[in-house]
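Peer 1: Have a look; sequence and predicted model below, questions after that.
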Amino acid sequence: MRRLLQAVTAVVGLGVLMFGASLASAQTKDTPQKEVAPDVPDSIQAPTGEEVVLYAHATGSQIYTCQAAADGKFSWTLKAPEAELYDRKDKVIGEHSAGPTWKLKDGSEVTGKAAAHVDSLDSGSVPWLLVKVVSHAGNGLLNNVTTIQRVRTHGGQPPAEGCDAAHREAETKSSYSADYYFYAPAK
């Protein structure tokens, strides 16, 4: 009887241990992992005291318009981005558009202004940026965001040709992708 009791106790103990391990594993899977800031040059580093609160991968286009500069020379000028924002599970969470503006499906929205840039590692790609948020709208994940980084860009540069007096005001779209990191003051 004593051996049977010890065996039952061992089996129950093992079951509790396994249940605890599986519960801990389930909690780890359900708890979102904290985003780590990307490794970037100092000039586009987020300010000290801010932490990443959201990551989004964008795919879409950079839209350019053919315009004449003050000197009369024509060149492609950025009109606006047009992209969908995806989370780490490839679920669409929002959009990126003129402003530049980032709007999430939760209703929150920020508009920013470029504060610094560095050339992309890929010469055919738009630069990496540090963006300062200048306005907020709605309520949601972007409420406290103050800074945005655009990194790991691919594509998005305007064409090298095709913008001249004969094509004044013409538009073109260049496909691009990028990773955006949204920062807010650390809690």
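Peer 2: Thanks, I have the structure now.
Peer 1: Output the contacting helices and strands for the longest strand seen in the chain.
Peer 2: Taking DSSP state E as the criterion, the chain has its longest strand at strand 50-68. Using 3 or more C-beta pairs under 8 Å, 6 or more residues apart in numbering; DSSP states H and E as the contact test, the elements touching strand 50-68 are strand 74-86, strand 92-97, strand 171-185. To be clear about C-beta, it is placed using only N, CA and C from the backbone, and glycine gets the same treatment.
Peer 1: Relative to T59, which of the ones you listed is closest?
Peer 2: Closest of the helices and strands packed on strand 50-68 to T59 is strand 171-185, at 4.6 Å (criterion: C-beta to C-beta).
Peer 1: Convert the C-alpha atoms of stretch 112-124 to CSV, please.
Peer 2: The C-alpha trace of stretch 112-124 is given here as CSV (Å, rounded to 0.1, in the frame of the first residue of the first chain):
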residue,chain,number,x,y,z
GLY,A,112,4.9,63.2,-38.5
LYS,A,113,7.7,65.3,-40.0
ALA,A,114,11.1,63.8,-41.0
ALA,A,115,13.8,64.9,-38.5
ALA,A,116,16.8,63.0,-39.9
HIS,A,117,17.7,60.5,-42.5
VAL,A,118,20.6,58.2,-43.6
ASP,A,119,21.0,56.5,-46.9
SER,A,120,19.7,53.0,-47.1
LEU,A,121,22.1,50.1,-47.2
ASP,A,122,20.6,49.4,-50.7
SER,A,123,21.3,52.3,-53.0
GLY,A,124,18.1,51.6,-54.9
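Peer 1: Could I get the buried residue list for it?
Peer 2: Using 16 or more other C-beta atoms under 10 Å as the test for burial, stretch 112-124 gives G112, A116, H117, S120.
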